[in-house]
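Enquirer: Sequence and predicted structure, then a few things I'm wondering about:
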Amino acid sequence: MGDPLTRVEFTHLPKVLYPEAGITKLEVIKYFIRIAPRMLPLLAGRPIVLTRYPDGAGAPGFYEKDAPMGTPDWVETYPHHSETADRMIRYIVCNNLDTLLWLANLDTLEIHVMFSTTRSYTAPDLLFIDLDPEPPATTADAAAEALLVRDRLASQRIRISVKTSGKRGLHLVTPLVHGLSFQEVRGFIHDMSRNLAREHALIASEAPGPANPGKVFVDYAMNGAGKTMVAPYSPRATPRATVSTPLSWEEVGKGIKPGDFHIQSVPAREEDPWKDLLRHPQKLPAGRGEG
Amino acid sequence: MSEEKKSPRRPIWSGTISIGLVNVPVKVYPMTRDTSVSFRLLHRKDGQPLRYERVCTRDGKVVPWEETVKGFEVRKNEFIVLEKEELRAALPESDRRIRIDTFVHYLSLDPVFFENSFALVPDGTPDAYSLLLTVCEELGEAGVGRFTLRTKEYPAVVHAYHGALILTTLRYANEVMDPSAFEELKALSAPGPKQLDLAKRIITELSGDFDISAYQDTYHERVLALIEKKRAGETIRVEKPKAAEVKELMVALEETVAKLGKQ
């Protein structure tokens, strides 16, 4: 009676999803299967947004916020009124292996997670800093900056973890204790980045993009209700099938190439640097405001 | 599938053909059968037979037989409930008679009214049966009357066929539409005499004797041949073997499911 291992019926497995790397849907699903034990704890309880690529990463994909028609009844959803769309959106919540495999079978190449959970949509439980190097700045510049941010936070007794974005940038993430607002989180990061920018020419604290060529922008603005980051261990729709990969600070110190972390290499990594990430929620110093 | 030449074992009805004061005791046997191949519906993925269930249109739950009752829809979604006993009381009384009202020439009966044929076999002394059969054969006449089978009273005709009396149930007049109602038939023009002559000649050339055995259900035969082939070789699998790719995923899944179980 069916397959006891999963409720998902896999389809179109030989379809090529990464034409340049020659990676099929079969291999993508296999990646999700192998990475699931590391990925699922960081997805659980969070509304997610998908980017699906039915014609592969070489063709345009589409965002999917709302659970699509035909979503099985065992997939958990979180209905929430979206002000921008002015309608109810049933966000998908990926709490188990079957849901992850169902997403994979829908040609989902990117999973984006929110910084709050379904229990308290408007209150953050994750702090997120996006370090986006503006050319000619490189990943190495982002890494140098990440180390500066780490040290600055360490001096405030705040521990932070790092992952590749899967593209050029790096993402810094740490869990937060309950009771903070998104506004407080944004204010805290902004203050810190302004201080860092005064001391280090590399860092831009205000404007992203071409306004600051050669700099690495510390993006705090994503810390908001309904905003998302690419989930740890989510693949990206890049030619090389890169993965947003959790790293150890030693790796970042030694120098990394984001292209080394892709769906064929990441499952073989021995350590999971983010294994206990959620176990140590951090406090932020009190008395910070946005501005 | 061998041809059944034996007579069926049990009559479905017994009683008398009554013509005025004459009674001919008969047993009624079915004589037609449906040869279409019957299939069961299976679940494609694991070959398990499916069953039908009565599901409540409101809550989608399965309703057991004992909780059901018959309803007649008087208006959309408005029903009159009829209990079993009430329906039973309305059943036509089967008085065990095939009442013949009149005799007509067999060829004056139009096949559009024919529904189903049954073989009549003498029940007890065959004398009266033999007499009726012979008269029908010699005169080409058929008796028309009424006959109650189970819950329905039918118009019926009794006629001779292959050395037996046959009862054929008929449809009621209101069960057969009048084709002259079709618009397309109202404006038919009369054919010209030359065309008519030609058509008549063609038809005369094509005319022959009626031989039903010349017609075969070729679809039925092909399906049976297909079944035989499958039975001999690739028998029906209970579980569809998975594609190699899916197997590969299942191997990986086994590891992950085990890991997640330990977490």
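Expert: Received it, and whenever you're ready, just let me know what you need.
Enquirer: pLDDT weak spots in chain A?
Expert: In the predicted model of chain A, residues A:1-3, A:207-211, A:287-291 satisfy pLDDT under 70.
Enquirer: again with the stretch 151-263 of chain B
Expert: Low-confidence segments of the stretch 151-263 of chain B (pLDDT under 70): B:233-242, B:263.
Enquirer: Would you state the strands of it in chain order?
Expert: Assignment of strands within the stretch 151-263 of chain B using DSSP state E, counting those that start in this stretch yields the ranges B:152-161, B:164-170.
Enquirer: Where do the domain boundaries of the chain fall?
Expert: No chain specified, so I'll use chain A. Domain assignment for chain A, taken from automatic domain parsing, gives A:16-118+A:228-236, A:123-224+A:245-279.
Enquirer: I was after chain B.
Expert: According to automatic domain parsing, the ranges for chain B are B:3-35+B:98-175, B:189-262.
Enquirer: With respect to burial, which of those domains scores highest?
Expert: For those, the stretch with the most neighbours on average is domain B:3-35+B:98-175, a mean of 15; neighbours defined as mean count of other Cβ atoms under 10 Å in any protein chain shown. All C-beta spots, glycine's among them, are computed from the backbone N, C-alpha and C.
Enquirer: Tell me how far the residue of the stretch 101-250 of chain A found nearest chain B lies from A:Val28.
Expert: Shortest the stretch 101-250 of chain A-to-chain B distance, computed as Cβ to the nearest Cβ: residue-wise this is A:Leu101, at 8.1 Å. Using Cβ to Cβ, to the nearest Å, we find A:Leu101 at a distance of 11 Å from A:Val28.
Enquirer: list the contacts for residue 167?
Expert: Picking chain A for this. A:Lys167 sits next to A:Arg236, A:Thr238, A:Thr242, A:Pro258 when contact means Cβ atoms under 8 Å, 6 or more residues apart in numbering or on different chains.
Enquirer: Chain B was what I was after
Expert: Residues touching B:Leu167, when contacts are defined by Cβ under 8 Å, 6+ apart, comprise B:Val28, B:Ile98, B:Ser117, B:Phe118, B:Ala119, B:Leu120, B:Phe147, B:Ala156, B:Val157, B:Val158.
Enquirer: That one and B:Gly140: what is the separation?
Expert: B:Leu167 sits at a distance of 17 Å from B:Gly140 (criterion: Cβ to Cβ).
Enquirer: Could you do A:Met88 as well?
Expert: Applying Cβ to Cβ, one obtains 78 Å for the distance of A:Met88 from B:Gly140.
Enquirer: can you give me the helices for the chain?
Expert: Went with chain A since none was named. With DSSP state H as the criterion, chain A has helices at A:25-43, A:97-105, A:139-155, A:182-199, A:249-254.
Enquirer: wait, chain B
Expert: Listed in chain order, the helices of chain B (DSSP H) span B:84-89, B:127-139, B:183-186, B:193-206, B:218-232, B:244-262.
Enquirer: so which of the ones you listed gets nearest A:Val252?
Expert: Ranking the helices of chain B by their distance to A:Val252 (criterion: Cβ to Cβ) puts helix B:244-262 first, at 27.1 Å.
Enquirer: orientation of that closest one relative to helix A:97-105 in degrees?
Expert: Computed by axes from the mean of the first three to the mean of the last three Cα atoms, to 10 degrees, the angle separating helix B:244-262 from helix A:97-105 equals 150 degrees.
Enquirer: what residues does helix B:244-262 touch?
Expert: Contacts to helix B:244-262, defined as Cβ under 8 Å, 6+ apart, come from residues A:3, A:5-6, A:10, A:13-14, A:26, A:29-30, A:33-34, A:36-37, A:40, A:97, B:242.
Enquirer: Go ahead and measure how far that helix is from the middle of the chain.
Expert: Once both centres are worked out by Cα atoms, centre = their mean, to the nearest Å, helix B:244-262 turns out to sit 52 Å from its chain's centre.
Enquirer: cool, and stretch A:221-239?
Expert: Taking mean C-alpha positions (Cα atoms, centre = their mean), stretch A:221-239 and its chain are 4 Å apart.
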